[in-house]
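Novice: I would like to see how this sequence folds:
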Amino acid sequence: MAESRSTAGKTTIALDVLLTIAKLTTLNVQGVNRLSTTHGDDVKSIFKRGHHDTGILIDVKNDTVYADLYVVLNHDVNIRDVCRSIQQEVSRAISEMVGMQVGRVNVHVKDIDYPMETEE
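Specialist: Have a look, this model is predicted:
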């Protein structure tokens, strides 16, 4: 009987998949109000791929994911705790769903969402 060999092949993951995972995971963290635009105010952001208008920049080097997330948080949260949660959850989601290593998840708090005060 002849021995057959099979090749595993190659798997490629579109950048949009990583962006979607990062976006949905970030928005599900309690205390996050929304993503902010990056406005290209960071010199490093010019060299990263992603959606500047949606507040997510992703860079992949040597099969390791590096992410920059630009967020607006709710006014009644501990900023440090929310940012740590974002970092942990995004890193876990990318690792579990895609199987890639995450080198760094940088969270940039662009604003705090305070409720509008009404004059009486």
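Novice: Run through the strands of the chain in chain order.
Specialist: For the chain, the strands defined by DSSP state E occupy 32-35, 49-51, 56-61, 64-74, 101-113.
Novice: if I look at the residue most central in space within the chain, how far off is residue 106?
Specialist: Centroid-nearest residue in the chain: residue 22, 3.4 Å away (criterion: C-alpha atoms, centre = their mean). Counting by C-beta to C-beta, to the nearest Å, the gap from residue 22 to residue 106 is 11 Å. In this view, the C-beta of every residue, glycine as well, is placed from N, C-alpha and C.
Novice: Please enumerate the shared neighbours of these two.
Specialist: 67, 69 (C-beta atoms under 8 Å, 6 or more residues apart in numbering).
Novice: which regions of this protein sit below the pLDDT cut-off?
Specialist: Applying pLDDT under 70 to the chain flags the ranges 1-4, 39-53, 118-120.
Novice: looking just at contacts, which helices and strands does the longest helix along it meet?
Specialist: Counting residues, the longest helix in the chain under DSSP state H turns out to be helix 79-98. Packing contacts for helix 79-98, counted by 3 or more C-beta pairs under 8 Å, 6 or more residues apart in numbering; DSSP states H and E, involve helix 15-27, strand 64-74, strand 101-113.
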